[in-house]
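Trainee: let me see the structure of the following:
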Amino acid sequence: MGIEIGNSARLAIIITFAIYTVILLGIGIYTKKMMDKTAVDKYVDEFYTGGRGMGSLVIALMIAAGLCSAGTFLGGPGMGYSMGLAWVFAGFSQNFMNFCVLGQIGKKVGIVARRINAQSYLDLFVHRYNHNKIIGIVGVLSIIVFLGGYVVAQFVGGARLFETMTGLPYWVGLSIFALVVLLYAAFGGIKGVSTAIVFQGLVMTAAVFALFIGALRFIGPIEPAIRSIGEINPDLITPWSWSIKYQASIWVIFGLVMIALPHGAMGALTYKDTKSMHKAIILGVVFVVIWTFILIWLGHMVRAVYPDLAVPDHAIPLLAMTVLPPWLAGITLAGVAGAIQSTVGAMIIVISSTFVKDAYQTYINPKAKGAQLKKVTTISTVVICAAIFLLSLNPPTVLEWIIIFTVGGLASAFFWPLILGLYWMRANEHGASAGMVSGMLTYILAAGNYLPISMGMHPIVISLIVSAVIMIVVSLATPKSPKGIIQTWFGKRYPKQIGN
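Mentor: Sure, this is the predicted structure:
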């Protein structure tokens, strides 16, 4: 079964989405004017960190919306539809992503970022590991390749949904997405992204609640609906249709390793003070629990209404068109678009900061200052947006696997170098570079079935074990990090401490 929408309904959806887009374009223009007033010598810091003055709501939604993305609003419900409660249970692993990111690394990263004036995620690694070139090069390539692939998949998913629900050509939706993100990310920097994310997060939440109420009224009593799903396949109504070790490994990739994803950890570079950070943990948990529980569970419940849906990822859009009036269905489309654009905006800032700070300024033009960096920052961000748009014009066919692969690739490279670098003094550049390379290679070989060592789990588990063991062994077998680095990362007395 596909999505069948009348012309009047499509028009209502298009109008609602157009209003939403105009508001976002207005946010982009507003934040661009703000950035134009920034002094040249402070432009790069404001562009990438917002002057480290972000409040709790902004940080909460930056992490929550940035990490949830189309997976929670499209792919997750689709997996809930096709795999049943096993996936619904697995999806709950992401509920505490704000707690994991900010609770585990937030304060330490905030302190160190101010000490070393880190303006990018990779700045932390380069400094912690003694400006090691392998760390820098592997880090840059990992972020550009894996995060770039993730962004393309997000753009394609959003444009396909736009095409399905509005009836307009794929390239139109893709162009709108690209234009909106380009304006508020390329010209507004992290302030443009964060301002847009607050608006998008509120739209997403409103859409989720509207869909939840409409779905409950339409589906009726829950027990008969669940029984009807069980008649299709009993495995759909039990969370234990997967083995415990595979279920646990899914919790690792969608729960634990979220700590190390660059576009999530960026929130720890930008918050104002620890009070804001603590509030962001609570607010983020509330938002993510609402989105995750309602959407993935509703994707599963769509089985009771449409038992033979041809494209599982259409579960939420089809439900919206069935149980909501067209204008509310348009808000649902805007909510999904907001999830995607939030993620894409955060990712583009990470990719841009990686290129400008860790490639251009480190290896190409170390003497670049002020006006030159401002120019390179703007041009590189525009070029990144354009490149992603062009790559998305010829979309790949297996988006879900691309997303999962890119998340695993980023985690296998960065998880242990980040965690051990923050909390183990003995970690050094030799161990970190060996851990990054071995983790990535193991993951790629295991995920591609070239190395059958997964033992019934997701390949990320094996790659994390290999990365941890090699990093620890190599670090212990090689010289310690310089005392200056240890003092910066572990010393209690240091200027520019984070506010309380």
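Trainee: who's in contact with the closest residue to residue 258 other than its chain neighbours?
Mentor: Of all residues beyond its chain neighbours, the one nearest residue 258 is residue 97 (4.7 Å), with distances taken as CB to CB, 6 or more residues apart in numbering. Any C-beta I mention is one placed from the backbone N, CA and C, and that applies to glycine too. By CB atoms under 8 Å, 6 or more residues apart in numbering, residue 97 lies in contact with 63-64, 67-68, 255, 258, 264, 284, 288.
Trainee: any idea how far residue 97 is from residue 271?
Mentor: Note on residue 97: its distance to residue 271, by CB to CB, to the nearest Å, is 16 Å.
Trainee: mean confidence for stretch 285-303?
Mentor: Here stretch 285-303 scores 91 as its mean pLDDT.
Trainee: ok, residue 307 touching residue 231?
Mentor: No - Residue 307 is not in contact with residue 231 according to CB atoms under 8 Å; the separation is 9.2 Å.
Trainee: one step back: dump the contacts of residue 97 into CSV; add secondary structure and neighbour count as well.
Mentor: CSV is the format used below for those (DSSP: H, G, I helix; E, B strand; the rest coil; neighbours: other CB atoms under 10 Å):
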residue, secondary structure, neighbour count
63, helix, 34
64, helix, 32
67, helix, 27
68, helix, 25
255, coil, 18
258, helix, 24
264, helix, 27
284, helix, 30
288, helix, 25
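Trainee: closest to residue 85 out of these?
Mentor: Distance to residue 85 across the contacts of residue 97 (CB to CB) is lowest for residue 255, with 17.4 Å.
Trainee: with adjacent residues omitted, what lies nearest to that closest one?
Mentor: Nearest non-adjacent residue to residue 255, counting by CB to CB, 6+ apart: residue 93, 3.6 Å away.
Trainee: what about the one you found, how many residues nearby?
Mentor: If you count neighbours by other CB atoms under 10 Å, residue 93 ends up with 20.
Trainee: same question, residue 246
Mentor: The tally of other residues near residue 246 (other CB under 10 Å) stands at 17.
Trainee: my read is it is in a strand, agree?
Mentor: No - the assignment for residue 246 by DSSP: H, G, I helix; E, B strand; the rest coil gives helix, which leaves it out of any strand.
Trainee: so residue 116 makes contact with residue 126?
Mentor: No - using CB under 8 Å, residue 116 is not in contact with residue 126, being 9.3 Å away.
Trainee: okay, these two: which has more neighbours?
Mentor: The neighbour count for residue 116 versus residue 126, taken as other CB under 10 Å, is higher for residue 126 (22 against 17).
Trainee: name the helix or strand of this protein that has the lowest mean pLDDT.
Mentor: Lowest by mean pLDDT, DSSP states H and E among the helices and strands of the chain is helix 43-49, with a mean of 68.
Trainee: contact partners of stretch 453-469?
Mentor: Residues contacting stretch 453-469 (CB under 8 Å, 6+ apart): 243, 245-246, 248-250, 252-253, 257, 408, 411-412, 415-416, 420, 435-436, 438-440, 442-443, 446-447.
Trainee: for that stretch, C-alpha coordinates in CSV please.
Mentor: C-alpha atoms of stretch 453-469 as CSV (Å, rounded to 0.1, in the frame of the first residue of the first chain):
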residue,chain,number,x,y,z
ILE,A,453,33.9,-11.9,13.9
SER,A,454,30.7,-10.2,15.0
MET,A,455,29.5,-13.3,16.9
GLY,A,456,25.8,-12.5,16.5
MET,A,457,26.2,-8.9,17.6
HIS,A,458,26.3,-5.6,15.8
PRO,A,459,29.9,-5.1,14.4
ILE,A,460,30.4,-1.9,16.5
VAL,A,461,30.8,-4.1,19.7
ILE,A,462,33.8,-5.9,18.3
SER,A,463,35.4,-2.8,16.8
LEU,A,464,35.1,-1.0,20.2
ILE,A,465,36.7,-3.9,22.0
VAL,A,466,39.6,-4.0,19.4
SER,A,467,40.0,-0.2,19.6
ALA,A,468,40.1,-0.1,23.4
VAL,A,469,42.6,-3.0,23.8
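Trainee: next, count neighbours for residue 36.
Mentor: Count around residue 36 with other CB under 10 Å applied: 10.
Trainee: please read the previous query as pertaining to residue 230.
Mentor: Count around residue 230 with other CB under 10 Å applied: 16.
Trainee: once you drop chain neighbours, what's closest to it?
Mentor: Nearest residue to residue 230, sequence neighbours excluded (CB to CB, 6+ apart): residue 237, at 4.5 Å.
Trainee: can you get me a residue count around the one you found?
Mentor: 19.
Trainee: correct me if wrong: it contacts residue 85.
Mentor: Yes - using CB under 8 Å, residue 237 is in contact with residue 85, at 5.8 Å.
Trainee: and stretch 418-434, what's buried?
Mentor: Within stretch 418-434, the residues scored as buried using 16 or more other CB atoms under 10 Å are 418-422, 427-434.
Trainee: give me phi/psi at residue 271?
Mentor: phi -70, psi 160 (degrees, to the nearest 10).
Trainee: tell me the contacts of it?
Mentor: Neighbour list for residue 271: 52, 54-56, 59, 102, 106, 110, 277, 280 [criterion: CB under 8 Å, 6+ apart].
Trainee: equivalent analysis for residue 289, please.
Mentor: Neighbouring residues of residue 289 by CB under 8 Å, 6+ apart: residue 95.
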